[in-house]
Structure formats: C-alpha cells, structure tokens
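Asks: This is the structure alone, sequence omitted:
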C-alpha cells in the first residue's frame, strides 16, 4: 500500500484566513506541508496554481488529491478528518450550529470590515504611493465599530469565546481578521476591553502558533513604524 501523503496547504501568511488555517494545524500538531504562495509576487496567478484553484485565492488545501479552496470549509474539514479535539468544531448539533452561525455571519461582517480598514490604510497607499483617503477610512472604521458592537453583544456576551466556553474555529477566523489592521499600526480593540480579554484567551489557548502565524504581519507593522 502506498504511504499516505501529508496534507498540503497553500498559504500566504499576510492573508487572514491563511493564518487561521496555519494556527489550527500548528497548535494541534497536525502533520502537514506548507506551500507558500506570495500574493504580492502574483504567484496565485501562475498556470499551476490557477489549475489548482481557478479563483486564484489562498488558502487552498490538498489532502490525498482532495482539494478545498475556502478557509471555512478547510478548517471544519481538518477538525473532523484529523480527529482534532472536539471543541474546535463540536459534534453536538446545537454547539456545532453556533459555530456555523458565526462563520456564516463572519464573511460579510468581521472579515469585510476589518479587511477594508487594512486595505485603505496599508495596501492602497502602498500600491499608489498616495495619502490615505481619510473620509473612506473613517466610514470603514465606523462600519467596523458596528461589527465589534455585535461581536460583543451577540456572540461573546458573558462567555469566554465566541461560541461558548471553549475555543472553536470561529475564534480563529475572527481573531485573524481583527489582527489585520495592526499591519498599519492600528489596534482596533484598543478601546474594547471585553474583546481584548477574548483575544488574550485565544492567544493563550493556541500558544506560540499565534505569534508564528502573525510574524509577517508584525514585520509589516514594524517597517511602517520605521518609515514614520
């Protein structure tokens, strides 16, 4: 019988969903191979990668020929397939549904609004060399504020993690998005003690894999600071 190949993940760690996948695999010590795809170099548009994912996006997971191209699906598949601790994606239907509820909401809320702040403050100004559009940035920050209000009132409430008493894949998706504006030197949780405590709990739960995944983002932040 042919030996089983390690699961492969195609990642760029400046991408928030890629970091979520990276953290899950590392903190659970799941054997895997990382294939780096540098978006800034256009490596996601090569013929080989386009064949793998016609959408030309990361992350991508390949498990013995089985390909997945969406972070939400990848995280849940890995948790089930590799028999990770049950809290990551609970078996019990109501608890699992709470994770699914957050991840369905995530894409047009936490992800959209935190990413927009980073795009306006870091990416667009870096690409064009122009000043940050303050009016657009303020609108984006206002939208993000509304999302942070809902994270506190709808999801966290009086529980330690977004979906209950234990960390789940939902917390990984959320925390990686909310870290992203830090690349521009902006901590969007600075005035949010409840969310700051949640972020600290997530960091403690995943250990050193948190900073390993965010090293590229910290480097972006430090380079920007050095230029100011």
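Replies: Nice, thanks for sending it over. What you are looking at is a predicted structure, and each value in this text was computed from that prediction instead of being measured.
Asks: Spell out the residue ranges of the helices in the protein.
Replies: 16-27, 47-52, 71-81, 93-106, 110-118, 124-128, 134-150, 169-179, 193-206, 209-227 (DSSP state H).
Asks: Now do the fifth one, average pLDDT.
Replies: Within the predicted structure, the mean pLDDT of helix 110-118 is 97.
Asks: The third one too?
Replies: Averaged across helix 71-81, the pLDDT comes to 98.
Asks: So which elements touch that helix?
Replies: If you count contacts as 3 or more Cβ pairs under 8 Å, 6 or more residues apart in numbering; DSSP states H and E, helix 71-81 packs onto helix 16-27, strand 60-63, helix 169-179. Any C-beta I mention is one placed from the backbone N, CA and C, and that applies to glycine too.
Asks: One more: the second one?
Replies: Other helices and strands packing on helix 47-52, by 3+ Cβ pairs under 8 Å, 6+ apart, are strand 60-63.
Asks: 10 Å - rerun?
Replies: Using 3 or more Cβ pairs under 10 Å, 6 or more residues apart in numbering; DSSP states H and E, the elements in contact with helix 47-52 are strand 7-11, strand 60-63.
Asks: Tell me who's in contact with residue 61.
Replies: By Cβ atoms under 10 Å, 6 or more residues apart in numbering, the contact list for residue 61 reads 7-11, 21, 25, 32, 67-71, 73-75, 77-78, 81.
Asks: I meant residue 26, not that one.
Replies: Contacts were defined as Cβ under 10 Å, 6+ apart; by that measure residue 26 touches 32, 34, 206, 207, 208, 209, 210, 212, 213.
Asks: got the contact list for residue 181?
Replies: Residue 181 is in contact with 113-122, 140-141, 144, 187-189, 217, 221, counting by Cβ under 10 Å, 6+ apart.
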